[in-house]
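Enquirer: Could you look at this predicted model? Sequence included:
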Amino acid sequence: MKLSDMTLLKEQAFIDGAWVGADNGGRFNVTNPIDNSLVASVPGMGAGETRRAIDAAQRALAAWSARSAKHRAGLLRKWYELVIAHQDDLALLMTCEQGKPLAEARGEVMYGASFIEWFAEEAKRAYGELVPAPTEDRRLVVMKQPVGVVAAITPWNFPVAMITRKAAPALAAGCTMVLKPASETPLSALALAALAERAGIPPGVFNVVTAERSGGVGEELTGNPAVRKLTFTGSTRVGKQLMAQCAGTVKKLSLELGGNAPFIVFDDADIDAAVRGAVASKYRNAGQTCVCANRFLVQDGIYDEFARRLAQAANALKPGDGRENGVNLGPLIHARAAGNTHQLVEEAVADGASVLAGGDYVPGATSLYQATVLADVRPEMRVAQEEIFGPVAPLIRFSTEEEAIRLANDTPYGLAAYFYTRDLQRSWRVSERLEYGMVGLNEGLISNEMAPFGGIKESGLGREGSRHGLDEYMELKYVCVGGMA
Ligand SMILES: NC(=O)C1=CN([C@@H]2O[C@H](COP(=O)(O)OP(=O)(O)OC[C@H]3O[C@@H](n4cnc5c(N)ncnc54)[C@H](OP(=O)(O)O)[C@@H]3O)[C@@H](O)[C@H]2O)C=CC1
Ligand SMILES: O=C(O)[C@H](O)CS(=O)(=O)O
């Protein structure tokens, strides 16, 4: 892999402003999902290194939180400008360790940078309150103060944006952070740390510990009392486990977990817009996003035409190595993920579903899976019940609006939902009745730094981005000033 700035390829972890290895010298490999080739190796750390990173974050906290919001905003702005300046290198690192096509990777770098830009601005708007007192002899003041040391654990599917969506508000609020990125994609995290260092963010404020699942890093991050908040993005299964581990020290939590997004197409929908939105939502990142359309609920009158057009669009996608021009469907994160996807497809077909597009691996590559459309899927099939995390679009037919809403809400998840209609009253009715944190009405791409991202039910706690995102890293302190008669 040839970067313009090879110093961004970091093979050491970043603790207290130093690039360091694991205490026992252990390392693990980072491989390219398209061919399993070796990209780099990074330290395999454990509880000891994690404890040192937490201690460093604790030591840095007082000075960092004492700086003015404007000072912190200035450093975040410099970090943002450096991320933009190194967009191509960050994108190539991402494609090599995660697999997404370069154009998508560049888009994610810009999306990730937007959170740093946004919270550099929001840092200066962490307003407190002066509350009218019930008696003349008092003054009631409400301050906003940083939570303290924050632990962050992030997934492999958005190796830049899921980190900046947490680090930017945390640092803006005056918190310090210890990050454990996914073991599949540590290079993007380490490059971000290198750019934060160049921006002048002081030692100990932003630390990156690299590790594989075992080794005690998670236990230390969730059990150490110096850590006052955990922010996690990943599967609901792991989120529940981490939530339980944090209970012992009553940590503040932000959890962005799994989803099972319904994509509802009513008879009166603009079908061209619905197909465009379906492709954008379903096949982005090869279907490996928590807000991907996971099941398509299509009304009787438009079902056949929508199915035909979606299959046509799916067949037009070009799977391959994300580094190649024209490729717009990259590999899944590993062959095991492609295997899980294929198993869901085979089960559905064996149970009566029919393949309108794709339905198999791409010949010659164990992690590449064809853009797939399945018709005649029934809601009880596993492909409609589980988060696919692959490029498969199951189509489920419905007759009435009431049935569509019932089917859409019939899941433990509540992250994102989408629906297409041109009926004004239906737009309000359905938006209000969908049990989700986010709804796309006639839109398949809803994520941006200005809107509150997050879910309800078993899709998580809290919101990221928007004017709400900073409060996740702040505590309210009420000061009652007496003797003022
Ligand atoms: N709501 C949202 O915004 C998002 C939700 N997700 C969900 O995550 C899943 C796919 O991502 P995936 O990365 O596989 O999710 P995982 O939950 O398996 O992993 C996410 C992160 O958690 C770490 N982790 C896993 N187990 C533990 C543990 N016991 N203690 C500490 N850390 C742990 C992983 O480390 P390691 O790499 O070492 O295993 C990784 O860094 C899907 O369900 C998807 O929907 C993903 C992205 C965004
Ligand atoms: O991890 C994810 O799936 C992201 O949160 C989805 S998005 O923010 O890129 O839409």
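Expert: Arrived safely. Numbering: from 1, shown residues only. Ligands and ions are numbered 1, 2, ... in the order given.
Enquirer: Where does the prediction get shaky in this structure?
Expert: Judged against pLDDT under 70, the low-scoring parts of the chain cover residues 214.
Enquirer: Any chance you could note which residues of it sit beside ligand 1?
Expert: Along the chain, the residues adjacent to ligand 1 under the rule Cβ under 6 Å from any ligand atom are 153-157, 182-184, 212-213, 218, 233-235, 238, 241, 256-259, 290, 387, 389, 415, 460. For the C-beta atoms, the positions are set from N, CA and C on the backbone; glycine is no exception.
Enquirer: List the contacts of the residue in the stretch 51-200 of the chain that ligand 2 sits nearest to.
Expert: In the stretch 51-200 of the chain, the residue found nearest to ligand 2 is Phe158; the distance is 4.6 Å by Cβ to the nearest ligand atom. Contact criterion Cβ atoms under 8 Å, 6 or more residues apart in numbering gives Glu108, Tyr111, Gly112, Asn285, Thr289 as the residues in contact with Phe158.
Enquirer: Compute the number of surrounding residues for the nearest residue to the second one once chain neighbours are set aside.
Expert: For Tyr111, the nearest residue in space outside its immediate sequence neighbours is Ala161; the separation is 4.9 Å by Cβ to Cβ, 6 or more residues apart in numbering. Burial measure for Ala161: 26 neighbouring residues, criterion other Cβ atoms under 10 Å.
Enquirer: Next up, the contacts around Ala161.
Expert: With Cβ under 8 Å, 6+ apart, Ala161 has these contacts: Glu108, Tyr111, Gly112, Phe115.
Enquirer: Can you tell me, leaving aside adjacent residues, what's nearest to the spatially most central residue of the chain?
Expert: With distances taken as Cα atoms, centre = their mean, the residue of the chain nearest its centroid is Met162 (4.4 Å). Spatial nearest neighbour of Met162, chain neighbours left out: Thr154 (4.4 Å); criterion: Cβ to Cβ, 6+ apart.
Enquirer: And Leu434, by the same measure?
Expert: The shortest distance from Leu434 to any residue other than its chain neighbours is 4.6 Å, reached at Ala417 (Cβ to Cβ, 6+ apart).
Enquirer: which phi and psi does the one you found have?
Expert: Note on Ala417: backbone dihedrals following degrees, to the nearest 10 are phi -140, psi 150.
Enquirer: ok, it to Met438 distance?
Expert: When Cβ to Cβ, to the nearest Å is the yardstick, Ala417 and Met438 sit 7 Å from each other.
Enquirer: just Pro452 next, same as before
Expert: Per Cβ to Cβ, Pro452 is found 8 Å from Met438.
Enquirer: and the two? which has more neighbours close in?
Expert: Met438 (23 against 14).
Enquirer: The more buried one touches Leu415, doesn't it?
Expert: Yes - Met438 is within contact range of Leu415, at 6.7 Å (criterion: Cβ atoms under 8 Å).
Enquirer: so what sits against both of those two?
Expert: By the contact definition Cβ under 8 Å, 6+ apart, Met438 and Leu415 are jointly contacted by Val291, Gly454, Gly455.
Enquirer: Which of these fall within strands?
Expert: Among the shared contacts of Met438 and Leu415, no residue falls in strands (DSSP state E).
Enquirer: quick one: which of those sit in helices?
Expert: Among the shared contacts of Met438 and Leu415, no residue falls in helices (DSSP state H).
Enquirer: Would you reformat these as JSON lines and include neighbour count?
Expert: Formatted as JSON lines, the entries for the shared contacts of Met438 and Leu415 read as follows, by neighbours: other Cβ atoms under 10 Å:
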{"residue": "Val291", "neighbour count": "25"}
{"residue": "Gly454", "neighbour count": "25"}
{"residue": "Gly455", "neighbour count": "27"}
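Enquirer: closest to ligand 1 among those residues?
Expert: Distances from these to ligand 1 were compared by Cβ to the nearest ligand atom; the smallest belongs to Gly455, at 6.3 Å.
Enquirer: quick one: the closest one and Ser254 touch, right?
Expert: No - counting by Cβ under 8 Å, Gly455 sits too far from Ser254 to count as a contact (11.4 Å).
Enquirer: Only C-alpha atoms, please: export stretch 455-467 in CSV.
Expert: Presented in CSV, the C-alpha positions along stretch 455-467 are these (Å, rounded to 0.1, in the frame of the first residue of the first chain):
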residue,chain,number,x,y,z
GLY,A,455,-32.1,4.3,18.0
ILE,A,456,-34.7,3.1,20.5
LYS,A,457,-35.6,-0.3,21.9
GLU,A,458,-32.6,-2.7,21.4
SER,A,459,-30.9,-0.4,18.9
GLY,A,460,-29.3,1.6,21.6
LEU,A,461,-29.2,4.6,24.0
GLY,A,462,-28.5,8.3,23.3
ARG,A,463,-27.9,10.3,20.1
GLU,A,464,-24.7,11.1,18.2
GLY,A,465,-24.1,14.2,16.1
SER,A,466,-26.6,17.2,16.0
ARG,A,467,-26.9,19.8,18.8
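Enquirer: Is it positioned near ligand 2?
Expert: No - Stretch 455-467 lies out of reach of ligand 2 by Cβ under 6 Å from any ligand atom, never closer than 8.0 Å.
Enquirer: Only the buried residues of that stretch, if you could.
Expert: By neighbour count, and taking 16 or more other Cβ atoms under 10 Å as the criterion, the buried residues in stretch 455-467 are Gly455, Lys457, Glu458, Ser459, Gly460, Leu461, Gly462, Arg463, Glu464, Gly465, Ser466.
Enquirer: Give me the phi and psi angles of the fifth one.
Expert: Gly460 adopts backbone torsions of phi 140, psi -170, taken as degrees, to the nearest 10.
Enquirer: Tell me what it is bridged to.
Expert: Following DSSP bridges, Gly460 is listed with bridge partners Glu256.
Enquirer: From here on, call the first residue 6.
Expert: Renumbered: residue one is now 6, and that last one reads Gly465.
Enquirer: got a list of what the residue nearest to Leu439 touches?
Expert: Ala422 sits in contact with Ala266, Pro267, Phe268, Ile269, Ala413, Leu439, Tyr441, Met443, Val444, Gly445, where contact means Cβ under 8 Å, 6+ apart.
Enquirer: Let's see if you can find the most crowded of the residues you listed.
Expert: Going through these with other Cβ under 10 Å as the criterion, the one with the most neighbours is Ala266, at 30 neighbours.
Enquirer: any idea how far that one is from ligand 1?
Expert: 10 Å (Cβ to the nearest ligand atom, to the nearest Å).
Enquirer: My read is that that residue contacts Gly419, right?
Expert: No - using Cβ under 8 Å, Ala266 and Gly419 do not qualify as a contacting pair, with a distance of 9.9 Å.
Enquirer: got any residues that touch both of those two?
Expert: With contacts taken as Cβ under 8 Å, 6+ apart, Ala266 and Gly419 have Tyr441 as neighbours in common.
Enquirer: Show me how the record splits the protein into domains.
Expert: Recorded structural domains for the chain (assignment: the TED database) are 11-262, 267-446.
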